[in-house]
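Asks: next input, structure requested:
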Amino acid sequence: MAPTSRQRSSAPLQVLLFLNGWYSATYFVLEALIFVYKGSKGNLCQRKVLLSISLALTGPAAVMAVYYLLLQTYALRLEAILSAILLLFYAAEVLLGVLALFSFSRYRQPFVPRGTNTLSSEVWR
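Replies: Model (predicted):
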């Protein structure tokens, strides 16, 4: 007689695992792009508020990197290495961001009314 045990599987679970893989990859790519966007906008515009928001959002991201580095139950060595590198980047970002914030605070831009082209007003003075 053949054994009567059957392999049981869950089709909905398999579909969710498949979709979760795609969602995780998309989420990672979008978060990386948003991270670059908010850092570059705060720095290039020399706006203290945007740079402060960028630095404030670095905190929760660093907490998650620490979680993946130290508190995750099952972690691969590669994840630990990637999290450590990420924390180094976060530390450098915070240090350079604070220095840039101090630099922006010390330098006062001259007042230019809205709708005035700063380049043309500089040339024709």
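
Asks: please make it C-alpha for all contacts and neighbour counts, starting now.
Replies: Fine.

Asks: mind naming the longest helix for this protein?
Replies: With secondary structure taken from DSSP state H, the chain has its longest helix at helix 11-44.

Asks: what's the angle from whichever helix or strand comes after that helix to helix 11-44?
Replies: Per DSSP states H and E, the first helix or strand lying C-terminal to helix 11-44 is helix 48-66. Angle of helix 48-66 versus helix 11-44, following axes from the mean of the first three to the mean of the last three Cα atoms, to 10 degrees, is 140 degrees.

Asks: could I have helix 48-66 exported to PDB, CA atoms only?
Replies: Coordinates of the C-alpha atoms in helix 48-66 are reproduced here as PDB (Å, rounded to 0.1, in the frame of the first residue of the first chain):
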ATOM      1  CA  LYS A  48      17.300  75.000   7.000                       C
ATOM      2  CA  VAL A  49      13.800  73.500   7.300                       C
ATOM      3  CA  LEU A  50      14.300  70.800   4.600                       C
ATOM      4  CA  LEU A  51      17.700  69.900   5.900                       C
ATOM      5  CA  SER A  52      16.400  69.700   9.500                       C
ATOM      6  CA  ILE A  53      13.500  67.400   8.300                       C
ATOM      7  CA  SER A  54      16.000  65.200   6.500                       C
ATOM      8  CA  LEU A  55      18.200  64.900   9.600                       C
ATOM      9  CA  ALA A  56      15.100  64.200  11.700                       C
ATOM     10  CA  LEU A  57      14.100  61.400   9.400                       C
ATOM     11  CA  THR A  58      17.500  59.900   9.500                       C
ATOM     12  CA  GLY A  59      16.900  59.000  13.200                       C
ATOM     13  CA  PRO A  60      14.100  56.400  12.600                       C
ATOM     14  CA  ALA A  61      16.000  55.000   9.600                       C
ATOM     15  CA  ALA A  62      19.100  54.500  11.900                       C
ATOM     16  CA  VAL A  63      16.900  52.800  14.500                       C
ATOM     17  CA  MET A  64      15.800  50.300  11.900                       C
ATOM     18  CA  ALA A  65      19.400  49.700  10.900                       C
ATOM     19  CA  VAL A  66      20.400  49.100  14.500                       C
END
